[in-house]
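Asks: Any chance you can model this:
(one chain, ligands or ions: 1)
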Amino acid sequence: MKLKIGISCYPTVGGSGVIATELGKLLAERGHEVHFITSSVPFRLDRVYPNIYYHEVEVNQYSVFQYPPYDLTLASKMAEVAKRQKLDLIHVHYAVPHAICAILAKQMLKQDLKIITTLHGTDITVLGYDRSLKDIIKFGIEQSDLVTAVSNDLVTQTRELVPTDKSISTVYNFIDERVYMKQEVEELKQHYHIAKDERIIIHISNFRPVKRISDVVRSFASITKKVKSKLLLIGNGPELATARQLVKDLEIEENVLFLGNQKHIAELLSMSDLMLLLSEKESFGLVALEAMACGVPVIGTHAGGVPEVVVDGVTGYLCDVGDVECVARKAIGLLMDDACHEAFSKRGMERVQSVFHSKLIVSQYEKLYHQVMQE
Ligand code: GMT
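Replies: The predicted structure is shown next:
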């Protein structure tokens, strides 16, 4: 049965926005009609796609209100689109505010509208600690027709923080394997003035404190003493200035490239030898999956869902949060052992195909949609 599906997410750069958009694109390819209801065009919706429609949530700033009414405008838009387009269901990413908006929209409508909520982490691991939001998160979860989380760890954490009997299914994240694959990019190294024999270590994030960029820089400072290498820092965010200062203090400026936000991540990954993802909280770690898909081993932390993505000693290594000595030691060992590096790279690509293939994951979502439509 082909469905009419609404999708709401934060459309700007971020894993949840990426997953919501890629899921919408693949559902549309399978013949479903997909309606994005977001505050701007999701950044991965970069061309015209058949079966995909976009409805902008225009949040006006009224001088009489201190805060722009995003949640109410979104709820109102959801109700309007659901009614006009006769949506079967709305799939929201984040319990707050998006599930709450969908619940409100449903109440405004006279038709049935199924609500599917995907938890991505920040809505639970950050907001769940806020006592003033705990009850509304619980409400959002319990009033949804179906709830998914992006890792088993996030299911456990949600249950600990927001005790509920509601069933929460794990549906892992995925990548578009037509985009994330190893590419020939020898000339790109020259473009960045990186010598052929230099190894490339990459970190990609939104530079929030939770990503522990300082650990990435400190680990690299030790690695580069032993292995001729460059560090690529991709992304932008609050910790960028601190990272720049640390790079200066450690006198490794010549070896660190700050590239800001980038569009062609698969190309940058394809020229990289190792990814560092050293976060203290990470419900999944989509960038680690992107790296593995491009044949890049990952050193991650024992945090959240990362161990469900990166298999220690198989597709990369795991170290304790903050243990930069462990990260440097594992990285040096891996970068100096070509056979081991090749094996990790190959096994990472295989793991992406067997566990996180988009076909598998999109089918899981489809199955859940059909299940909820029967209820
Ligand atoms: O990591 C971020 O700061 C962005 C955040 C988001 O909401 O986009 O990422 C969360 O969702 C991603 C997609 O499911 C996960 O891969 C990230 O691990 C998760 N981030 C955290 O849990 C900190």
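Asks: Whether stretch 318-333 contacts the ligand - can you check?
Replies: No. Stretch 318-333 lies out of reach of the ligand by C-beta under 6 Å from any ligand atom, never closer than 12.5 Å. Quick note: C-beta positions are derived from backbone N, CA and C, even for glycine.
Asks: Same check on stretch 275-291?
Replies: Yes. Stretch 275-291 is in contact with the ligand by C-beta under 6 Å from any ligand atom, via Lys281, Glu282, Ser283, Phe284, Gly285, Leu286.
Asks: in that stretch, what's buried?
Replies: Neighbour counts over stretch 275-291 (16 or more other C-beta atoms under 10 Å) mark 275-279, 281-291 as buried.
Asks: If you count neighbours, what's buried in the helix or strand harbouring Ile361?
Replies: Using DSSP states H and E, Ile361 sits within helix 358-374. Neighbour-count burial for helix 358-374 flags Ser358, Ile361, Val362, Gln364, Tyr365, Glu366, Leu368, Tyr369, Val372 (criterion: 16+ other C-beta under 10 Å).
Asks: who in this structure is up against the ligand?
Replies: For the chain, the residues in contact with the ligand (C-beta under 6 Å from any ligand atom) are 14-16, 19, 120-122, 125, 150, 173, 206, 208, 210, 281-286, 304.
Asks: can you pull the contacts of the residue lying closest to Ala293 once chain neighbours are set aside?
Replies: Distances taken as C-beta to C-beta, 6 or more residues apart in numbering place Tyr180 nearest to Ala293, at 3.8 Å, with adjacent residues excluded. Shown in contact with Tyr180 (C-beta atoms under 8 Å, 6 or more residues apart in numbering): Ile265, Ala266, Leu269, Glu290, Ala293, Cys294, Val352.
Asks: a strand runs through His55, doesn't it?
Replies: Yes. With DSSP: H, G, I helix; E, B strand; the rest coil as the criterion, His55 is part of a strand.
Asks: How many neighbouring residues does it have?
Replies: As a burial measure, His55 scores 17 neighbours (other C-beta atoms under 10 Å).
Asks: Quick check: it touching Ile37?
Replies: Yes. His55 is within contact range of Ile37, at 4.8 Å (criterion: C-beta atoms under 8 Å).
Asks: Give me the common contacts of these two.
Replies: Counting by C-beta under 8 Å, 6+ apart, the shared contacts of His55 and Ile37 are Lys77, Val81.
Asks: what's the closest of the buried residues of helix 358-374 to the ligand?
Replies: Ile361 (11.6 Å; C-beta to the nearest ligand atom).
Asks: Determine the number of other residues adjacent to the closest residue to the closest one other than its chain neighbours.
Replies: Sequence neighbours aside, Phe174 is the residue nearest to Ile361 in space, at 3.9 Å (criterion: C-beta to C-beta, 6+ apart). Phe174 is flanked by 26 other residues according to other C-beta under 10 Å.
Asks: what's near enough to touch Tyr192?
Replies: Lys230, Leu232, Leu257.
Asks: Can you read off the pLDDT for the residue of the stretch 101-250 of the chain at minimum distance from the ligand?
Replies: Closest to the ligand within the stretch 101-250 of the chain is Gly121: 2.5 Å, counting by C-beta to the nearest ligand atom. Gly121 carries a pLDDT value of 89.
Asks: Okay, and the residue lying closest to it once chain neighbours are set aside sits in which element?
Replies: Computed as C-beta to C-beta, 6+ apart, the closest residue to Gly121 that is not its neighbour in sequence is Ser283, at 2.9 Å. Here Ser283 sits in a region with no helix or strand, counting by DSSP H and E.
Asks: Quick check, Ser283 in contact with Thr148.
Replies: No. Using C-beta under 8 Å, Ser283 makes no contact with Thr148, being 11.9 Å away.
Asks: Overlap in contacts, the two.
Replies: Leu119.
Asks: so what's the residue of the stretch 101-250 of the chain closest to the ligand up against?
Replies: Per C-beta under 8 Å, 6+ apart, neighbours of Gly121: Val150, Leu154, Lys281, Glu282, Ser283, Phe284, Gly304, Gly305.
Asks: what's the nearest residue to the fourth one if we skip its chain neighbours?
Replies: Excluding its sequence neighbours, the residue lying closest to Glu282 (C-beta to C-beta, 6+ apart) is Gly304, at 4.5 Å.
Asks: wait, isn't the one you found in contact with Ser151?
Replies: Yes. Between Gly304 and Ser151 there is a contact under C-beta under 8 Å: 6.8 Å.
Asks: if I look at the two, which residues touch both of them?
Replies: Common neighbours of Gly304 and Ser151, using C-beta under 8 Å, 6+ apart, are Ser283, Phe284.
Asks: coming back round to it: got the CA positions of the helix holding Ile361 in PDB?
Replies: Output of helix 358-374 as PDB, limited to C-alpha atoms (Å, rounded to 0.1, in the frame of the first residue of the first chain):
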ATOM      1  CA  SER A 358      19.400   1.600   3.400                       C
ATOM      2  CA  LYS A 359      17.200  -1.100   1.900                       C
ATOM      3  CA  LEU A 360      17.100  -2.900   5.200                       C
ATOM      4  CA  ILE A 361      16.400   0.100   7.300                       C
ATOM      5  CA  VAL A 362      13.800   1.800   4.900                       C
ATOM      6  CA  SER A 363      12.000  -1.600   4.800                       C
ATOM      7  CA  GLN A 364      11.900  -1.700   8.600                       C
ATOM      8  CA  TYR A 365      10.300   1.800   8.700                       C
ATOM      9  CA  GLU A 366       7.900   0.800   6.000                       C
ATOM     10  CA  LYS A 367       6.900  -2.400   7.900                       C
ATOM     11  CA  LEU A 368       6.300  -0.300  11.000                       C
ATOM     12  CA  TYR A 369       4.200   2.200   9.100                       C
ATOM     13  CA  HIS A 370       2.000  -0.600   7.700                       C
ATOM     14  CA  GLN A 371       1.700  -2.100  11.100                       C
ATOM     15  CA  VAL A 372       0.600   1.100  12.600                       C
ATOM     16  CA  MET A 373      -1.900   1.700   9.800                       C
ATOM     17  CA  GLN A 374      -3.600  -1.600  10.700                       C
END
